[in-house]
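Peer 1: no sequence on hand, only this structure:
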Ligand SMILES: Cc1cc2nc3c(=O)[nH]c(=O)nc-3n(C[C@H](O)[C@H](O)[C@H](O)COP(=O)(O)OP(=O)(O)OC[C@H]3O[C@@H](n4cnc5c(N)ncnc54)[C@H](O)[C@@H]3O)c2cc1C
């Protein structure tokens, strides 16, 4: 049976009763960054010629820039010719879904929006050559038509392939690696216009460096992915008291192909999500309720934030743990969702053995801040070999903490990031952190090799914006 998740039994009644926000004072002070009211600035209309200045902003509205020029080439050759003359810093942009200043430049912003789609599919080998500007969702739908699927997907699927692998984007699954580990070959265009093809056999060092390369080795123009046959997943979602669920979380992560948790701060409850492969059968979908849950949690914060004991008590009375949501569908339609509510986020990947301890410590810290209401996300990711992969030679657990866009989020950087770094956590490259070369060097054993290779490929440092120089070299 499928049901919509009305997690709070009397959410509507609570809303009606709450004409006076009891905990208004507990709300976060507004941050200096206004919440975006619409989609981030779209690139100018496609044109081969460099275009006039126009503002760019990321999905959450936190990062902005006004590049002198946008390059939106229609072919690899056009990009190759244009890149040599383009004013630096040269930065690539995908879908603009990173929170860190990876994209902003006052020089040239390069978008591969017109270099997207499948180039070739080999059904027998289960491989596909794909243009780097392809969005994950678009790719997944096209692959489905060929009887193929990605091994795993992140929480959303609007990112470009190149942008996603550039930051080590991942989904959840103890035995499943991040997306870049499915890449078996890629093509990189250096700032001098040289095209380099690499794979595990051809230039293997470049290959391991280029998979997660933050747009700082060159422009990735295409890649080949190893895939699996299309398959159906059964998803189950339920609520459970946090302590009880955490006690069996490790076992659940071993029993299910995909498993993740969302801890609901100040409620004593957590949501669990499992997904497992099942034989093909009729599609069965429950309506998504995540946005309703988020609104309910926000209302609880707004009214009772000043009284955390009362807030927890009310939540325990309103939350209905008897509800279970079941869905069955093709993998690409269940693995990723949509996130209409804008937020800012930090995420750290800690050694798997440290995962639950780090999660509990982060929850305890968050619950010292009455303004917090966003669920915390906890996932499992298998280790891999890419040099700057946050999962480099390390099976990991990922802990993500969010704050509503437009509300203060300084504690993500000031408190949560250092706490998770203290557990040996490596930052998600696309999510808020303030680590510089010294700390990053201690966490990423191949960073030095990466930087040496970077200097070879980009000796004039045309790919480094001030923010990238600061992060990677400690120099603005
Ligand atoms: C709502 C939301 C949900 C998210 N969910 C997840 C999740 O489940 N798991 C996860 O791991 N992350 C997640 N993220 C983070 C996101 O996946 C990463 O930040 C990802 O890098 C964004 O991809 P993008 O296409 O938007 O790239 P951008 O953010 O635009 O760029 C990211 C990096 O890629 C580089 N780049 C882009 N194109 C190229 C190219 N052609 N060649 C070389 N470099 C290039 C850019 O220069 C930049 O360094 C989420 C983010 C949001 C906003």
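Peer 2: Received it, and whenever you're ready, just let me know what you need. Quick caveat, the model's predicted, so the values are computed rather than measured.

Peer 1: near the ligand, which residues of the stretch 101-250 of the chain show up?
Peer 2: Residues of the stretch 101-250 of the chain found near the ligand (C-beta under 6 Å from any ligand atom) are 102-103, 112, 132, 154-156, 159-160, 162-164, 166-167, 169-170, 214-215, 219-220. In this view, the C-beta of every residue, glycine as well, is placed from N, C-alpha and C.

Peer 1: how close does the residue in the stretch 251-400 of the chain that the ligand sits nearest to sit to residue 402?
Peer 2: Nearest residue of the stretch 251-400 of the chain to the ligand (C-beta to the nearest ligand atom) works out as residue 339 at 4.0 Å. Relative to residue 402, residue 339 is positioned 10 Å away (C-beta to C-beta, to the nearest Å).

Peer 1: so the two - more neighbours on which side?
Peer 2: Shown here are residue 339 and residue 402; by other C-beta atoms under 10 Å, residue 402 has more neighbours (24 against 16).

Peer 1: so the more buried one is in which element?
Peer 2: strand 396-404 (DSSP states H and E).

Peer 1: paired strands for that strand, with orientation please.
Peer 2: According to DSSP bridges, strand 396-404 has the following sheet partners: strand 343-351 (antiparallel), strand 376-381 (antiparallel).

Peer 1: centre of the chain to that strand, how far?
Peer 2: Here the centre of strand 396-404 is set off from its chain's centre by 10 Å, with C-alpha atoms, centre = their mean, to the nearest Å.

Peer 1: one more: stretch 368-386?
Peer 2: On C-alpha atoms, centre = their mean, the centre of stretch 368-386 falls 11 Å from the chain's centre.

Peer 1: again with stretch 449-469
Peer 2: 24 Å.

Peer 1: which bits of the stretch 301-450 of the chain sit near the ligand?
Peer 2: 339, 428, 430.

Peer 1: how deep is the closest residue to the ligand within the stretch 201-350 of the chain tucked in, by neighbour count?
Peer 2: Across the stretch 201-350 of the chain, no residue is closer to the ligand than residue 215, which sits at 2.4 Å (C-beta to the nearest ligand atom). For residue 215, the neighbour count with other C-beta under 10 Å is 24.

Peer 1: residues in contact with it?
Peer 2: Residues in contact with residue 215 (C-beta atoms under 8 Å, 6 or more residues apart in numbering) are 91, 92, 102, 103, 166, 463.

Peer 1: can you tell me which residues contact the fifth one?
Peer 2: If I follow you right, that is residue 166. 92, 94, 102, 212, 213, 214, 215, 220, 429.

Peer 1: hang on, residue 359 in a strand?
Peer 2: No: if the criterion is DSSP: H, G, I helix; E, B strand; the rest coil, then residue 359 is helix and not within a strand.

Peer 1: from the contacts of residue 166, which is closest to residue 270?
Peer 2: Nearest to residue 270 out of the contacts of residue 166 is residue 429 (C-beta to C-beta; 26.9 Å).

Peer 1: OK, contacts around that closest one?
Peer 2: So residue 429 contacts 98, 100, 102, 166, 167, 168, 212, 214, 388, 390 (C-beta under 8 Å, 6+ apart).

Peer 1: what residues are up against the spatially most central residue of the chain?
Peer 2: In the chain, the centroid-proximal residue (C-alpha atoms, centre = their mean) is residue 169; its distance is 5.4 Å. For residue 169, the contacting residues are 154, 159, 163, 178, 179, 180, 430, by C-beta under 8 Å, 6+ apart.

Peer 1: read off the pLDDT value for the fifth one.
Peer 2: Residue-level confidence at residue 179 comes out at 98, pLDDT.

Peer 1: roughly how far apart are the nearest residue to residue 290 once chain neighbours are set aside and residue 288?
Peer 2: Sequence neighbours aside, residue 337 is the residue nearest to residue 290 in space, at 6.9 Å (criterion: C-beta to C-beta, 6 or more residues apart in numbering). Separation of residue 337 from residue 288 (C-beta to C-beta) stands at 7 Å.

Peer 1: what do you get for residue 213?
Peer 2: 34 Å.

Peer 1: of these two, who's got more company?
Peer 2: When residue 213 and residue 288 are compared for neighbours, residue 213 comes out ahead with 28 against 14, by other C-beta under 10 Å.

Peer 1: from what I see, that one and residue 388 are in contact.
Peer 2: Yes: between residue 213 and residue 388 there is a contact under C-beta atoms under 8 Å: 6.7 Å.

Peer 1: in the stretch 351-476 of the chain, which ranges drop under the pLDDT threshold?
Peer 2: Across the stretch 351-476 of the chain, nothing is flagged by pLDDT under 70.

Peer 1: can you pull out the helices in it?
Peer 2: All helices of the stretch 351-476 of the chain, identified by DSSP state H, counting those that start in this stretch, fall at 355-366, 410-411, 417-421, 437-443, 447-457, 466-473.

Peer 1: do you know which of the ones you listed lies nearest residue 333?
Peer 2: Going by C-beta to C-beta, the one of the helices of the stretch 351-476 of the chain nearest residue 333 is helix 355-366, 28.2 Å.

Peer 1: what does the closest one rub up against?
Peer 2: Contacts of helix 355-366 (C-beta under 8 Å, 6+ apart): 242, 246, 249-250, 263, 265, 348, 350, 372, 376, 378, 380, 396-397, 399, 401, 415-416, 419-420, 423, 425.

Peer 1: buried residues, it. List them.
Peer 2: Neighbour-count burial for helix 355-366 flags 355, 356, 358, 359, 361, 362, 363, 365, 366 (criterion: 16 or more other C-beta atoms under 10 Å).

Peer 1: figure out how far it is from the centre of its chain.
Peer 2: That offset, for helix 355-366, works out to 20 Å (C-alpha atoms, centre = their mean).

Peer 1: and it with strand 376-381, angle?
Peer 2: 160 degrees (axes from the mean of the first three to the mean of the last three C-alpha atoms, to 10 degrees).

Peer 1: can you redo the helices of the stretch 351-476 of the chain as a markdown table with distance to residue 235?
Peer 2: Conversion of the helices of the stretch 351-476 of the chain to a markdown table gives the following (distance: least, C-beta to C-beta, whole Å):
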| stretch | distance to residue 235 |
| --- | --- |
| helix 355-366 | 22 |
| helix 410-411 | 32 |
| helix 417-421 | 28 |
| helix 437-443 | 33 |
| helix 447-457 | 37 |
| helix 466-473 | 37 |
